[in-house]
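Participant: here is my input, please return the structure:
(2 chains)
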Amino acid sequence: MADFDEELDASGLNCPLPILRAKKALGKMEGGKVLHIIATDPGSVKDFESFSNQTGNELLESKEEGGKFHFLIKKKT
Amino acid sequence: MSDDTKKLAIIATKGSLDWAYPPFILASTAAALGYEVQIFFTFYGLQLLRKKLALEVTPLGNPGMPMPMNMDKWFPTFLLAAPGMQSMMTSMMKKKMKEKGVASLEELRDLCLEADVKFVACQMTVDLFDMERSEFIEDVEYAGAAAFFEFAGDSDICLYV
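Facilitator: Residues are numbered from 1 along each chain as shown, chains lettered A, B, ... in the order given. Here you go, the predicted model:
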């Protein structure tokens, strides 16, 4: 996994909490910084794609590892 | 808000635990995606604005509701009306939601407010049911159908729940 600046563990949370928590975390970050999100909700894979498409925060990476989902999102500048 | 901001208008008319979820989930998520959101609460939907939420769920009249031990398949419907059944179903549903990491309604409602989702209560229903404004949370505006259309008429998505 590439470098990131902040981390958010949304394990165990269900829709729409991972998205809402991610939005909140990004709100506290500066543009260009990268947020690493860990989630267990299988729906979050498509949801973070859609979140990225609609908000302009770039989804750099999305992968499953060790039964969890990992996302890297770069905050829009 | 700039003119190209997308808008979501929701009418919330149901006052049960299960039906309280769609408006709050959709509103909070849309707000996170940058939408300007307004929810108009009318009739039983007003229960979602109470300071202390006491919403329940009932399998009565809802053959689609999955129940523990497959009760929805064999348990006689008329017994679902037995005293205590509704509160039992409600506490089981709440327990299940907690186990599955589903947010509580209080949490979702707070997230909506944090994200500037606007709550509008139907003044006519408040009068009809002899409710007091003091029974509701403070972040509520009171208005009628015309006020709803002022926002909904400009909305990109409009939902009736």
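Participant: please, where are all the strands along the chain?
Facilitator: Defaulting to chain A. Taking DSSP state E as the criterion, chain A carries its strands at A:6-10, A:34-39, A:58-65, A:68-74.
Participant: should've been chain B
Facilitator: For chain B, the strands defined by DSSP E cover B:7-12, B:36-41, B:118-122, B:140-143, B:157-160.
Participant: minimum distance to residue A:29: which of those has it?
Facilitator: strand B:36-41 (22.9 Å; Cβ to Cβ). Bear in mind the C-beta positions are built from the backbone N, C-alpha and C, glycine included.
Participant: residues making contact with the closest one?
Facilitator: By Cβ atoms under 8 Å, 6 or more residues apart in numbering or on different chains, the residues outside strand B:36-41 that reach it are B:1, B:5-12, B:23, B:27, B:30-31, B:48-49, B:112, B:115-122, B:140, B:148, B:151-152, B:155.
Participant: narrow those to just the buried residues.
Facilitator: Those of the contacts of strand B:36-41 that meet the buried threshold are B:7-12, B:23, B:27, B:30-31, B:48-49, B:112, B:115, B:117-122, B:140, B:148, B:151-152, B:155, by 16 or more other Cβ atoms under 10 Å in any protein chain shown.
Participant: excluding chain neighbours, what is closest to residue B:157?
Facilitator: With Cβ to Cβ, 6 or more residues apart in numbering or on different chains as the criterion, residue B:157 has its nearest non-adjacent residue at 4.8 Å, and that residue is residue B:8.
Participant: what are the contacting residues of stretch B:147-157?
Facilitator: The set of residues external to stretch B:147-157 that reach it, using Cβ under 8 Å, 6+ apart, is B:6, B:7, B:8, B:9, B:11, B:30, B:35, B:38, B:40, B:118, B:120, B:158.
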